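Q: Any chance you could fold what I've pasted below:
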Amino acid sequence: MSKIDDQFPGSTMFDLRGKQSVRATFKLSQKAIDAIGLVAIHMGIKQKSLFDHIIEDLDALDSLAKTIQIRQFKKIPRRQKTFVLSRRTIEALGTISQAYGTPRDALVEYSVKKLESIISAEKLRHEERKILQKEIIAHFNQGKLLYKKAVGILGKDDPFCRRIEKAIFACQKTEKKLAEFIEKSKVLEKF
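A: Below is the predicted model of the structure:
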């Protein structure tokens with residue numbers, strides 16, 4: 001066994017080739033395109049990884065292909081969109097597409113529907129986050145009042161007050177980051 005073989009244990013040329021990125025264009029509904037973008041951006045998942053997750057499972061894709069109604073699919077208004085996928089994902093789509101005579105676009109469209117339950121759950125979590133954000137702001141405001149009280153009693157230069165001031169500053173930074181996250185998540189409200 002050469003030293004090169006030891007560097008990548010368990011890897012074969014086929015495994016590495018399957019991870020190569022390729023571009024593929026599909027005709028999908030706007031809702032499917034939005035779902036892909038939403039999950040990828042909001043949850044910080046690369047679109048390629050997302051496609052790998054929802055399409056690369058051949059058994060699930062096989063089961064899905066059996067349920068697709070082409071007439072219904074053809075009624076959906078669609079537009080072209082190009083994505084970066086792994087070669088293995090493209091091959092899985094091609095294999096199932098040929099086996100069932102189902103368009104790759106339909107396989108992708110119906111696979112993306114799996115994301116709707118994730119988005120719905122995340123939408124509920126977003127509403128809970130907004131409620132918690134209000135509670136956190138109220139809590140931080142209590143801290144600001146406590147700081148003003150401490151300054152009134154001990155003076156601004158007191159070491160105790162300076163430590164509270166640092167804590168208030170940290171809270172303000174956190175409050176701002178939470179607000180940015182909530183703002184970024186508002187895209188869920190429209191889905």
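
Q: gap between residue 42 and residue 36?
A: 11 Å (CB to CB, to the nearest Å). (C-beta placed from N, C-alpha, C; glycine too.)

Q: out of the two, which sits in the more crowded spot?
A: Neighbour tally, residue 42 and residue 36, criterion other CB atoms under 10 Å: the higher count belongs to residue 36, 21 against 18.

Q: Pull the contacting residues for that one.
A: 47, 50, 83, 112, 115 (CB atoms under 8 Å, 6 or more residues apart in numbering).

Q: Next, give me the two most distant ones among these.
A: 83 and 115 (13.7 Å; CB to CB).

Q: quick one: contacts of stretch 163-178?
A: Here stretch 163-178 has contacts from 133, 136-137, 140, 143-144, 146-147, 150, 156, using CB under 8 Å, 6+ apart.

Q: what helices or strands is the helix ranked longest in the chain leaning on?
A: If you go by DSSP state H, the chain has its longest helix at helix 114-154. Counting contacts by 3 or more CB pairs under 8 Å, 6 or more residues apart in numbering; DSSP states H and E, helix 114-154 packs against helix 30-43, helix 47-55, helix 159-185.

Q: so how far is residue 148 from the residue nearest the centre of the chain?
A: Central residue of the chain (CA atoms, centre = their mean): residue 43, 2.7 Å from the mean position. Per CB to CB, residue 43 is found 40 Å from residue 148.

Q: One more: residue 178?
A: 23 Å.

Q: And residue 139, by the same measure?
A: 16 Å.

Q: Same check on residue 176?
A: 20 Å.

Q: Show me which of these two is the more surrounded one.
A: Neighbour comparison, residue 176 and residue 148: the larger count goes to residue 148, with 13 against 10 (by other CB under 10 Å).

Q: Let me see the backbone angles for residue 81.
A: With angles defined as degrees, to the nearest 10, residue 81 sits at phi -150, psi 130.

Q: still on that earlier bit, JSON lines please, covering the contacts of stretch 163-178 and showing pLDDT, distance to residue 182 and neighbour count.
A: Below are those laid out as JSON lines (pLDDT from 0 to 100; distance: CB to CB, whole Å; neighbours: other CB atoms under 10 Å):
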{"residue": "133", "pLDDT": "97", "distance to residue 182": "6", "neighbour count": "15"}
{"residue": "136", "pLDDT": "96", "distance to residue 182": "11", "neighbour count": "16"}
{"residue": "137", "pLDDT": "96", "distance to residue 182": "11", "neighbour count": "14"}
{"residue": "140", "pLDDT": "96", "distance to residue 182": "15", "neighbour count": "16"}
{"residue": "143", "pLDDT": "96", "distance to residue 182": "20", "neighbour count": "14"}
{"residue": "144", "pLDDT": "96", "distance to residue 182": "20", "neighbour count": "13"}
{"residue": "146", "pLDDT": "96", "distance to residue 182": "25", "neighbour count": "13"}
{"residue": "147", "pLDDT": "97", "distance to residue 182": "25", "neighbour count": "17"}
{"residue": "150", "pLDDT": "97", "distance to residue 182": "30", "neighbour count": "17"}
{"residue": "156", "pLDDT": "95", "distance to residue 182": "32", "neighbour count": "11"}
